[in-house]
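# Any chance you can model this:
(one chain, ligands or ions: 1)
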Amino acid sequence: MRLDIARLPMDWIITGVLAIALMATFLTAFNLTVIKGGEKAEAPAAERPAPPAEGGAFQIRAIPTLKFDLSVLEIPANVDVTILFINQDTGVPHNFSAYTDSSAKKALAVGEICTAPCQNSVTINVAPGTYFFRCDIHPVQMTGKLVAR
Ligand SMILES: [Cu+2]
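Here you go, the predicted model:
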């Protein structure tokens, strides 16, 4: 009788230890999966520049590779317009500059060149019309129309 009683808790202990070991294995595997998943999910977010401070801002992005996200940027005419330039073409320097036309001889605004991830802004005020914008570093690949109405 005593032996049986002494044996029963030993079985529980062994069972308990095995159960804990098994749970620990699962929890470790689960935690690793969660951490890996979290890293994967958060990596792009960390690379993403902060959103514009105020809503309704005019913005244009440089995106991979050597592209603007817009080929036409429409803005209101005869008011100060702030254009936020967001460079998301990681590791590549770009800027946003606006000119009266595609000869790019007369600048309306020349944005600061920055290497992604980065952002800056320019302010312009133009009469209604169709103008030209480009990245001054990549004047062949990165161009578009600036339309003021
Ligand atoms: Cu560029």
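# so the spatially closest residue to Ala98 that is not a sequence neighbour is in which element?
Excluding the flanking residues, the one nearest Ala98 by Cβ to Cβ, 6 or more residues apart in numbering is Leu108, at 4.2 Å. (Each C-beta comes from the backbone N, C-alpha and C, glycine too.) Assigned by DSSP states H and E, Leu108 falls within strand 107-110.
# Show me what counts as buried in that strand.
Neighbour-count burial for strand 107-110 flags Leu108, Ala109 (criterion: 16 or more other Cβ atoms under 10 Å).
# Quick one: mean pLDDT for that strand?
Strand 107-110 shows a mean pLDDT of 98.
# Dump stretch 101-109 to PDB, restricted to CA.
C-alpha atoms of stretch 101-109 as PDB (Å, rounded to 0.1, in the frame of the first residue of the first chain):
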ATOM      1  CA  ASP A 101       8.000  73.900 -69.100                       C
ATOM      2  CA  SER A 102       9.900  70.800 -70.000                       C
ATOM      3  CA  SER A 103      13.000  72.800 -71.000                       C
ATOM      4  CA  ALA A 104      13.400  73.200 -67.300                       C
ATOM      5  CA  LYS A 105      15.000  76.600 -67.800                       C
ATOM      6  CA  LYS A 106      12.800  78.500 -65.400                       C
ATOM      7  CA  ALA A 107      12.200  77.000 -62.100                       C
ATOM      8  CA  LEU A 108       9.000  77.500 -60.100                       C
ATOM      9  CA  ALA A 109      10.300  75.600 -57.100                       C
END
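# Skip ahead from the strand holding Leu108 and say which helix or strand is next.
Heading C-terminal from strand 107-110 (DSSP H and E), you reach strand 114-115.
# Nothing else from me, thank you.
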